[in-house]
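1. next come a sequence and a model predicted from it.
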Amino acid sequence: MAISDKIKAMSDKIKQEIQTGGGVSPTARDLQKAAMKAMNGGVEGWVAYMKPFSSNAAELARLVPTDGDADPERQIARAYLVSNGMCTETSTGGLGDNVDKKLDI
C-alpha cells in the first residue's frame, strides 16, 4: 500500500469515527497528540508520527526523510502531513490536503 493510500485510509477512518461517534474521533485526537510530538519532540517524535504512514524502511526513510530526498515539493508535503494532523475532528478528514501522492515511492 502506497503512502498516499495509508494517508487516505487514516482520513477515512477519522471520518467514519466522526459519523458514528457523535462527532468524536479517538484516532484524530491520538493523531493530534502525535503531531504535536512530531513538531516539538525532535527526531523521535517525527519518526513516531510518520511510522503509521509507512509499510517498510524505504517509505519511512522517504517520510522522515533519511533517504537524502530534499525535494522542496516533498518537504512541503511532509510539513502539511504533520500540520494537518493537528486539526482533530474539525478537519483531520483532510489529512492528505496538499500532500496527494507527492511522498509515494
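-> Noted; the coordinates are in hand.
2. CA atoms for contacts and neighbours, from now on please.
-> Noted.
3. count of residues packed around the closest residue to Asp69 other than its chain neighbours?
-> Among residues not flanking Asp69 along the chain, Arg62 sits closest, at 7.0 Å (CA to CA, 6 or more residues apart in numbering). By other CA atoms under 10 Å, the residues close to Arg62 number 21.
4. so Arg62, which state does it fall into?
-> helix (DSSP: H, G, I helix; E, B strand; the rest coil).
5. and what of the one 5 residues further on?
-> Each residue gets one of three states, and Asp67 gets coil by three-state DSSP.
6. need the phi and psi values for it.
-> Here is the backbone geometry of Asp67 (degrees, to the nearest 10): phi -90, psi 10.
7. helices of the protein, start to end?
-> With DSSP state H as the criterion, the chain has helices at 3-20, 26-40, 42-50, 57-63, 72-84, 88-91.
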